[in-house]
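Visitor: A predicted structure for the sequence below; I have some questions about it.
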Amino acid sequence: MQVWRFTQNNSDWKERLERTGSFSPEQLDTYEYIAGLSEEELRRELSSQLNQKSREHPQYWNDAQFNNPSQPAVGITWFEARAYCAWLTEVTGKQYRLPTEAEWEAAARGSEARVYAWGDEWDVSKTNSIEGRVLKPSPVGAYDAVASSSFGTSDQTGNVWDWTSTLYQSYPYSDDGREDVSAEGERVVRGGSFSNDRSLVRYARRNRLVADHFYDSLGLGSRGSAQQFHFGQFRFVIGWFKVTFHRV
């Protein structure tokens, strides 16, 4: 808020933004409107926008390209992923959470430290990446027969990105506060998706997103080889390190 107040009085600020082309005239008008609000007016405006954007289900829930019961659920923010794990913990009495980045990679690479789920050499037929031209999420476990880790997890190479609990920091992983769920910052996503090429679906590839962002290629977790539970429109497959869900 203080930044808005400062820049409002900076006579060349708008001119510089217009010159760089970073914002459209409509965005600049919105800025001028917000900058002129009092603290209380700003709070009311932000609350109104938040209420307008609230939703009762993940984005793309009603999109036929992404809502097949066999597909992973996508359009989920980091906060929604954590909230769902907390809800499932309460309902079942079992503990559920997002994996840390280190846990995700350990489960994916397995005991053989693979580059991809099936090994170290690229094979377009064994995953859902942009090269395969599927162009949407494939059914959960569709590549199990040819692309599971030595620990029995699947869908960690391509299909949809996986949220982790971890703040994006330098790697290798260290105990430096990156698992603080109350800290602000971008969170690590792993695995790549149907819209990425082979360089982004490698197990070693890291990416990051703002925690309140969601995409049609971003979901909650990968599939683990373990007991299955059914709750409403989701099926949960519990691995040794995490939980994943997709619609049923």
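Guide: Thanks, I have it. Computed from a predicted model, the values in this text were never measured in an experiment.
Visitor: so where do the strands sit in the protein?
Guide: Secondary structure of the chain (DSSP state E): strands at 161-167, 187-190, 206-209, 218-219, 228-231, 234-238, 243-247.
Visitor: for the fourth one, what is the average pLDDT?
Guide: Translated: strand 218-219. For strand 218-219, the mean pLDDT works out to 74.
Visitor: then the second one?
Guide: Per-region confidence: strand 187-190 scores 93 on mean pLDDT.
Visitor: and this structure, what are its domain boundaries?
Guide: 2-53, 78-247 (automatic domain parsing).
Visitor: least confident of the ones you listed, on average?
Guide: The weakest mean pLDDT among these belongs to domain 2-53, with a mean of 55.
Visitor: the residue nearest to C85 when sequence neighbours are not counted: neighbour count?
Guide: The shortest distance from C85 to any non-neighbouring residue, by Cβ to Cβ, 6 or more residues apart in numbering, is to Y96 (4.3 Å). Backbone N, C-alpha and C define where each C-beta goes, glycine included. Neighbourhood size, Y96 [other Cβ atoms under 10 Å]: 20.
Visitor: before we move on, what about A142?
Guide: Counted with other Cβ under 10 Å, A142 comes out at 18.
Visitor: ditto for D162
Guide: Neighbours around D162, by other Cβ under 10 Å: 27.
Visitor: now Q71
Guide: Neighbours of Q71 (other Cβ under 10 Å): 21.
Visitor: kindly report the same for A204.
Guide: For A204, using other Cβ under 10 Å, the count is 11.
Visitor: one more: W104?
Guide: Around W104 there are 27 residues (other Cβ under 10 Å).
Visitor: thanks a lot, see you next time.
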